[in-house]
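K.L.:
The sequence and its predicted three-dimensional model are supplied below.
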Amino acid sequence: MIFEVDEDRCFGCAACVALCPVDALVLEGLLAIVDEPECTHCEHCIPACPVHALSLVNVKGTASIGVLA
């Protein structure tokens, strides 16, 4: 699994950054960026995203976990 940020949806509110317990998310401009090796895939940030820009994606791209609208 990898953590994915939908660049078309993310507008840089930083709600996910504030909730990350391992500081794996940072804000660069108006986009949340994940440090994948640091991310524990705890999913704390996914439901906090107001625009549903965050998800966990199967490495093969066949399945995903998260809030997608």
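P.N.:
Structure received.
K.L.:
Could you measure from the residue nearest in space to the middle of the chain over to Glu36?
P.N.:
Nearest residue to the geometric centre of the chain (Cα atoms, centre = their mean): Leu54, 3.7 Å. Look at Leu54 and Glu36: by Cβ to Cβ, to the nearest Å, they are 13 Å apart. For glycine as for every other residue, the C-beta is placed from the backbone atoms N, C-alpha and C.
K.L.:
go on, Met1?
P.N.:
10 Å.
K.L.:
Glu7 now?
P.N.:
15 Å.
K.L.:
same deal with Ala48?
P.N.:
19 Å.
K.L.:
Neighbour count for the two, which is higher?
P.N.:
Higher neighbour count among Ala48 and Glu36: Ala48, with 16 against 12, using other Cβ atoms under 10 Å.
K.L.:
list the contacts for the closest residue to the more buried one other than its chain neighbours?
P.N.:
In space, and not counting its chain neighbours, Ala48 is closest to Ala15: 4.7 Å by Cβ to Cβ, 6 or more residues apart in numbering. Contact analysis of Ala15 by Cβ atoms under 8 Å, 6 or more residues apart in numbering lists Cys45, Ala48, Cys49, Pro50.
K.L.:
On the pLDDT front, check the second one for me.
P.N.:
Pointing back at Ala48 there. We have a pLDDT of 94 for Ala48.
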